[in-house]
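Peer 1: Sharing a sequence plus its predicted fold:
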Amino acid sequence: ILSLVCLLAVGNASAYVLDFEGVGDYNPVGDYYNGGAGTNYGASFSPSTLAIVSSAAGGSGNFANEPSANTVMFFIDANNSILNVASGFTTGFSFFYTSSLAASVNVYDGLNGTGTLLGSLTLTAQYNNNCSGDYCNWSSVGVSFAGTGKSIDFGGTANQVAFDDITIGSAKAGDNGQVPEPASLALLGLGLAGLAASRRRTKQP
């Protein structure tokens with residue numbers, strides 16, 4: 001199993017970016033960065049969390065011009081993905097997203113989406129705003145919070161939302177000087193997950 005995440009150092013020494021590059025197509029994350037084959041950052045993802053590579057790069061995802069090239073995170077067998085960071089993180093978190101339906105993301109001070117809610121983001125449907133084609137617009141959102149977060153619940157409708165450049169420890173998405181900074185990127189692309197019909201819904205990201 002290849003990893004969903006690639007962790008990069010950012011300006012804030014305690015912050016890092018999950019940019020999904022090098023994961024491979026349609027692979028779960030699991031414990032790859034929690035004692036698995038990757039660097040052990042203590043970051044683990046729920047089983048429903050998958051990576052998908054763009055069709056332009058030989059994968060099965062029909063999206064393009066994502067904030068960092070080729071690979072994004074999504075879920076298809078559940079309506080959420082949970083990221084656990086057992087050692088905790090502070091200050092804030094952020095990411096880029098594209099979605100055809102409303103969604104929400106919450107950070108908690110307990111593992112597996114439990115405990116006190118520290119921060120919350122409401123995501124609007126914006127996948128084709130100011131661009132031609134499905135899932136061609138990516139928006140940057142972030143939230144600051146007090147306390148120590150230990151889990152993030154990325155909620156939405158299965159196969160209708162994707163995330164990229166998840167930034168742990170900063171309210172500014174991609175806070176490593178290597179990705180675009182605008183709040184919204186108008187990008188050109190197609191549907192998100194052009195996979196086997198048996199795995200798909202009517203409109204599929």
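Peer 2: On my side now, so go ahead. The structure displayed is predicted, hence computed values, not measured ones.

Peer 1: Show me which residues of stretch 115-131 are buried.
Peer 2: 118-119, 121, 123, 126-128, 131 (16 or more other C-beta atoms under 10 Å). For the C-beta atoms, the positions are set from N, CA and C on the backbone; glycine is no exception.

Peer 1: Equivalent analysis for stretch 77-85, please.
Peer 2: Residues 79-85 are the ones in stretch 77-85 that count as buried (16+ other C-beta under 10 Å).

Peer 1: same thing with stretch 88-102?
Peer 2: Counting neighbours by 16+ other C-beta under 10 Å, one finds that the buried residues in stretch 88-102 are 89-100.

Peer 1: could I get the residues you listed as CSV with secondary structure?
Peer 2: Formatted as CSV, those follow (DSSP: H, G, I helix; E, B strand; the rest coil):
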residue, secondary structure
89, strand
90, coil
91, coil
92, strand
93, strand
94, strand
95, strand
96, strand
97, strand
98, strand
99, strand
100, coil
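
Peer 1: Looking at these, which one is closest to residue 55?
Peer 2: Nearest to residue 55 among the buried residues of stretch 88-102, counting by C-beta to C-beta, is residue 98 at 15.2 Å.

Peer 1: Give me the phi and psi angles of the closest residue to residue 76 other than its chain neighbours.
Peer 2: Leaving out its chain neighbours, the residue that sits closest to residue 76 by C-beta to C-beta, 6 or more residues apart in numbering is residue 159, at 4.7 Å. Main-chain torsions, residue 159, degrees, to the nearest 10: phi 70, psi 20.

Peer 1: and residue 159, how far is that from residue 83?
Peer 2: 19 Å (C-beta to C-beta, to the nearest Å).
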